[in-house]
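>>> Model the structure of this input:
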Amino acid sequence: MAPASDRPARARVESVDVVRGVIMILMALDHTRDFFGGASINPTDLATTTAPLFMTRWITHFCAPVFCLLTGTGAYLARGRRTTPQLSRFLLTRGLWLVLLELTIARFLWQFNADYQVTIITVLWALGWSMVALALLVHFPTWVAGTVGCAMILLHNLADPVQAASFGSLAPLWNVLHSPGVLYAAPGRIVILAYPLIPWIGVMAAGYSLGAIFRLDAERRRTLLLRMGVALTASFIVLRLINIYGDPVPWSAQRTAGFTVLSFLNLTKYPPSLLFLLMTLGPALLLLRAMDGRTPPLLRPAFIIGKVPMFYYLAHILLLHVIALFFSYARYGTIRYMFESARPDQFPVTQPPGWANPLPVVYLLWITVVVLLYPLCRWYAARKASSGHPLLSYL
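This next block holds a predicted model:
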């Protein structure tokens, strides 16, 4: 038998699809809250939020980092069926496709208009350019991607004091790289970038190097996943307790012990701080370990969804917006609100007076959306597997 290091990686790993499906399901909760919750209340503002609202937002913090990490892992696993030039070309073209999707189809699904009065650039942009960067890194040994990724994750908070305005006319470039903010503003037009590329490129590069673990035998793989998951989670706790480096906003004692815990967990996502990534990626590795070799029956739907994440992503935005149309007509007798370009603080839709729904309604709608989408995802997964058409790999 060939040694583990010489065996080709498997094309798909079930545990990766399961974990990816779990975080896609959680993502729909966050977006359901975006559409149907109250835009006037920031769920992470400890002065105005409630514990249930905070935790509803907090649990969805796992989505973007874990998806980005596993996208890199999936790229490594694809080496089992693609040469390096083929993989690089695929990453380049799919990355550019995701950037195009962000600026066209995804934007339309969020807002149901093409007036481009308000454009908020989000996760597909970061994923797309991260894949473009990974298209270059795959030409080097795997440890190079891992080193670049880990360095970017560990060190990028050193740049937090640097303000985009200090670059003058080049300020938008710093927004793109590290500091979210307004890229363009003119009467009737605004473009806001929420997902700068650093450290998302690093997260995907680290995920690519993580894929090498899935070439090991089961015992070594599970041991490494467990040790890394515990190490990252413990590092988060220790560094957060020290309260010096890793997040631009330190935690502090609050009016109650419960809210002090929330302050401890309240980390910066835009861009994701070192502590934010340790907090989310550590448990994700532990979940990968738990799912290695066994998928509980309850999580079989997550496995299906995890095989078609882009299809699910676009479909769930469309479905949420369509449901919002019905809500608007039933309550206000009009659907015009759902087609207007919302103010940035109300994104994705203009919320008429009294629009905000209580959390139980948000959760009910979230479950409804996931249940409705599951048969479509199952159909598309089967179609994708049976067809083998290369274009289907882009959705």
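>>> low-confidence ranges in this structure?
In the predicted model, the chain carries pLDDT under 70 at residues 1-11.
>>> at 80 instead, please
Where the chain drops to pLDDT under 80, the residues are 1-12, 388-395.
>>> And the strands in it, which stretches?
118-121, 181-186, 189-193 (DSSP state E).
>>> Need the ones you listed in JSON lines (columns: distance to Thr233).
C-beta: built from backbone N, CA, C; applies to glycine. Shown next, in JSON lines, are the strands of the chain (distance: least, CB to CB, whole Å):
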{"stretch": "strand 118-121", "distance to Thr233": "31"}
{"stretch": "strand 181-186", "distance to Thr233": "31"}
{"stretch": "strand 189-193", "distance to Thr233": "30"}
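>>> Check those for me and report the most buried one.
The highest mean neighbour count among the strands of the chain, using mean count of other CB atoms under 10 Å, belongs to strand 118-121: a mean of 21.
>>> now for that one, which elements pack on it?
Using 3 or more CB pairs under 8 Å, 6 or more residues apart in numbering; DSSP states H and E as the contact definition, the elements that strand 118-121 packs against are helix 84-103, helix 105-111, strand 189-193.
>>> at 7 Å what do you get?
On a contact count with 3 or more CB pairs under 7 Å, 6 or more residues apart in numbering; DSSP states H and E, strand 118-121 meets strand 189-193.
>>> helices and strands around the strand it packs on, which ones?
strand 118-121, strand 181-186.
>>> of these, which approaches Arg222 most closely?
strand 118-121 (38.3 Å; CB to CB).
>>> what are the pairing partners of that closest one, and which direction each?
Looking at strand 118-121 with DSSP bridges, its partner strands are strand 189-193 (parallel).
>>> returning to what we had before: so which of the strands of the chain is nearest Arg255?
Arg255 sits nearest to strand 181-186 of all those, at 31.3 Å, using CB to CB.
>>> Kindly format the C-alpha coordinates of the closest one as PDB.
Provided in PDB are the C-alpha atoms of strand 181-186 (Å, rounded to 0.1, in the frame of the first residue of the first chain):
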ATOM      1  CA  GLY A 181     -16.300  51.300   4.300                       C
ATOM      2  CA  VAL A 182     -17.600  53.500   1.400                       C
ATOM      3  CA  LEU A 183     -15.900  52.800  -1.900                       C
ATOM      4  CA  TYR A 184     -17.900  55.400  -3.800                       C
ATOM      5  CA  ALA A 185     -20.500  58.000  -3.000                       C
ATOM      6  CA  ALA A 186     -22.300  60.500  -5.200                       C
END
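>>> how much does it deviate in direction from strand 189-193?
Strand 181-186 runs at 170 degrees relative to strand 189-193, counting by axes from the mean of the first three to the mean of the last three CA atoms, to 10 degrees.
>>> how near is Pro283 to Cys68?
15 Å (CB to CB, to the nearest Å).
>>> Which one of the two is surrounded by more residues?
Applying other CB atoms under 10 Å to Pro283 and Cys68 shows that Cys68 carries more neighbours, namely 28 against 16.
>>> now the helices: where do they sit in the stretch 201-350 of the chain?
218-242, 257-265, 274-291, 300-307, 309-332 (DSSP state H, counting those that start in this stretch).
>>> Ok, which of these comes nearest Ala114?
So among the helices of the stretch 201-350 of the chain, helix 309-332 is nearest, using CB to CB, at 14.1 Å.
>>> Which strands or helices does the closest one pack on?
helix 14-36, helix 105-111, helix 359-387.
>>> Indicate which one of the strands of the chain is closest to Ala171.
Per CB to CB, nearest to Ala171 of the strands of the chain: strand 181-186, 8.2 Å.
>>> which strands and helices sit next to the closest one?
Counting by 3+ CB pairs under 7 Å, 6+ apart, strand 181-186 packs on helix 171-177, strand 189-193.
>>> That strand pairs with which strands?
strand 189-193 (antiparallel).
>>> chain center to the partner strand, what's the gap?
20 Å (CA atoms, centre = their mean, to the nearest Å).
>>> which other residues reach it?
116-121, 175-176, 180-184, 344 (CB atoms under 7 Å, 6 or more residues apart in numbering).
>>> one step back: could you dump the helices and strands packed on helix 309-332 into a markdown table and include mean neighbour count and distance to Val162?
Formatted as a markdown table, these follow (neighbours: other CB atoms under 10 Å; distance: least, CB to CB, whole Å):
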| stretch | mean neighbour count | distance to Val162 |
| --- | --- | --- |
| helix 14-36 | 23 | 29 |
| helix 105-111 | 19 | 29 |
| helix 359-387 | 16 | 37 |
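>>> Output these in JSON lines, with distance to Pro250 appended to each entry.
Putting these into JSON lines (distance: least, CB to CB, whole Å) gives the following:
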{"stretch": "helix 14-36", "distance to Pro250": "25"}
{"stretch": "helix 105-111", "distance to Pro250": "33"}
{"stretch": "helix 359-387", "distance to Pro250": "28"}
